[in-house]
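[1] Predicted model, plus sequence, below.
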Amino acid sequence: MGPKRRARVATHANAIRMTDTSTDQASSSELRMGSLEVRLAESAAEIDWAQALRYRVFYNEMSAVPSPEMAARHRDFDDFDALCDHLLVVDHARGGGPESVVGTYRLIRRPAAEKAGRFYSSSEYDIAPLANFPGEVLELGRSCVDAAYRTRGSMQLLWRGIAAYVFQHRIELMFGCASLPGTDPQAIAQPLSYLHHHHLAPPELRARALPELYVDMALMEKEAVDAKRALVELPPLIKGYLRLGGFIGDGAVIDHQFNTTDVCIVVKTDLVTDKYAKHYERRSRDAQSA
């Protein structure tokens, strides 16, 4: 596997770092792109900036319904934020302050879920098959990017950060709720049916929408689904998970607060870690031979 390296990702108080000087150059370049850098939030202030970005995207742009306290503070927040890791895309060209955080993902591992008493997704899904998975697991959520930064490069940078985090924490399974716009399942029958018929998780990894929230995704017969049209209608984030071999849980959930229809995404990280490890090793070799 090339030269021996030591890697660590600290908790949310620290940034993603590679600690072996022989690989610092390669690893740091993977997490930078021009003025953009992806790393973990380093302070309570930076978590607050991520919450400000989430508010702008979810509530101002997507018309989610904030609580009175959220509306007063212009922040999207909950009890999980103080316990988990926050992955940030920071644009150093914007200086400091809330405007410098232009992308974010919330990362919840078992220790944070244990402190909170549950994973976030459990409010919509029976995730027992995922929470009880014998390997390390990671819940992804609260993903958003500033409208001016929704480019291929910005998304690639976020995924490099996730890959580094997954690789270093030896995460074997990722999961979380992903959203399709709108709260009328019939209006998105094509993509929902496509996901159910073509990407349903195997029984041992199949989360199921809670009975009182369950919406049948098989709204069309498999033969009637136009796969190409369905893929066009799917949000880019869900298509990204599918490209990684992602699965879908059983049943959708209507989220009236966020004006979305949610599905449970499950991704075994083999492809993520293999791709990251190979890319990382190649960059390490290049750096050493330079």
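    All right, it came through fine.

[2] Tell me which residues touch S35, please.
    By Cβ atoms under 8 Å, 6 or more residues apart in numbering, the residues touching S35 are 91-93. Glycine gets a C-beta too; all of them are placed from N, C-alpha and C.

[3] Any chance of TSV for these, columns distance to L36?
    Formatted as TSV, the entries for these read as follows, by distance: Cβ to Cβ, whole Å:
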residue	distance to L36
D91	6
H92	8
A93	8
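
[4] Please indicate which of those are buried?
    Of the members of the contacts of S35, the ones counted as buried by neighbours, 16 or more other Cβ atoms under 10 Å, are D91.

[5] Where do the helices of the stretch 1-150 of the chain begin and end?
    With DSSP state H, counting those that start in this stretch as the definition, the stretch 1-150 of the chain shows helices at residue ranges 24-30, 44-55, 68-73, 110-116, 128-131.

[6] okay, those, which one's buried deepest?
    helix 44-55 (a mean of 21; mean count of other Cβ atoms under 10 Å).

[7] now for that one, which elements pack on it?
    strand 85-91, strand 101-109, strand 136-145 (3 or more Cβ pairs under 8 Å, 6 or more residues apart in numbering; DSSP states H and E).

[8] Now distance to A116 too, for the ones you listed, in TSV please.
    Formatted as TSV, the entries for the helices and strands packed on helix 44-55 read as follows, by distance: least, Cβ to Cβ, whole Å:
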stretch	distance to A116
strand 85-91	13
strand 101-109	8
strand 136-145	11
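
[9] do you know which of those strands lies nearest G161?
    When the helices and strands packed on helix 44-55 are compared for distance to G161 using Cβ to Cβ, the nearest one is strand 85-91, at 5.0 Å.

[10] Which residues does the closest one contact?
    9, 11-12, 35-41, 46-47, 49-50, 100-109, 112, 145, 149, 154, 157-158, 161-162, 165.

[11] give the contact list for A93.
    Contact partners of A93, counting by Cβ under 8 Å, 6+ apart, are S35.

[12] do A207 as well
    So, once contact is read as Cβ under 8 Å, 6+ apart, A207 ends up touching 121, 125-127, 129-130, 175, 201, 249-250, 264, 266.

[13] if you set the cut-off to 10 Å instead, what comes out?
    Taking Cβ atoms under 10 Å, 6 or more residues apart in numbering as the definition of contact, the neighbours of A207 are 121-122, 124-131, 175, 177, 201, 247-251, 263-266.

[14] do I171 as well
    When contacts are counted by Cβ under 10 Å, 6+ apart, I171 touches 107, 109, 135-138, 162-163, 165, 267-269, 272-273.

[15] do the same with G161
    By Cβ under 10 Å, 6+ apart, G161 lies in contact with 9, 16, 30-31, 37-40, 87-89, 103, 105, 107.

[16] now the helices of the stretch 1-150 of the chain as JSON lines including distance to Q190 and mean pLDDT?
    Converted to JSON lines, these look like this (distance: least, Cβ to Cβ, whole Å; pLDDT from 0 to 100):
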{"stretch": "helix 24-30", "distance to Q190": "37", "mean pLDDT": "50"}
{"stretch": "helix 44-55", "distance to Q190": "29", "mean pLDDT": "97"}
{"stretch": "helix 68-73", "distance to Q190": "33", "mean pLDDT": "97"}
{"stretch": "helix 110-116", "distance to Q190": "34", "mean pLDDT": "95"}
{"stretch": "helix 128-131", "distance to Q190": "27", "mean pLDDT": "96"}
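
[17] Convert the helix or strand where Y194 lies to PDB, retaining C-alpha atoms only.
    Secondary-structure element containing Y194, defined by DSSP states H and E: helix 189-199. C-alpha atoms of helix 189-199 as PDB (Å, rounded to 0.1, in the frame of the first residue of the first chain):
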ATOM      1  CA  ALA A 189     -44.000   9.200  -9.200                       C
ATOM      2  CA  GLN A 190     -41.500   8.500 -11.900                       C
ATOM      3  CA  PRO A 191     -38.300   9.000  -9.900                       C
ATOM      4  CA  LEU A 192     -39.800   7.400  -6.700                       C
ATOM      5  CA  SER A 193     -40.900   4.300  -8.600                       C
ATOM      6  CA  TYR A 194     -37.500   4.100 -10.400                       C
ATOM      7  CA  LEU A 195     -35.700   4.200  -7.000                       C
ATOM      8  CA  HIS A 196     -38.000   1.500  -5.500                       C
ATOM      9  CA  HIS A 197     -37.800  -0.900  -8.500                       C
ATOM     10  CA  HIS A 198     -34.100  -0.500  -9.300                       C
ATOM     11  CA  HIS A 199     -32.200   0.500  -6.100                       C
END
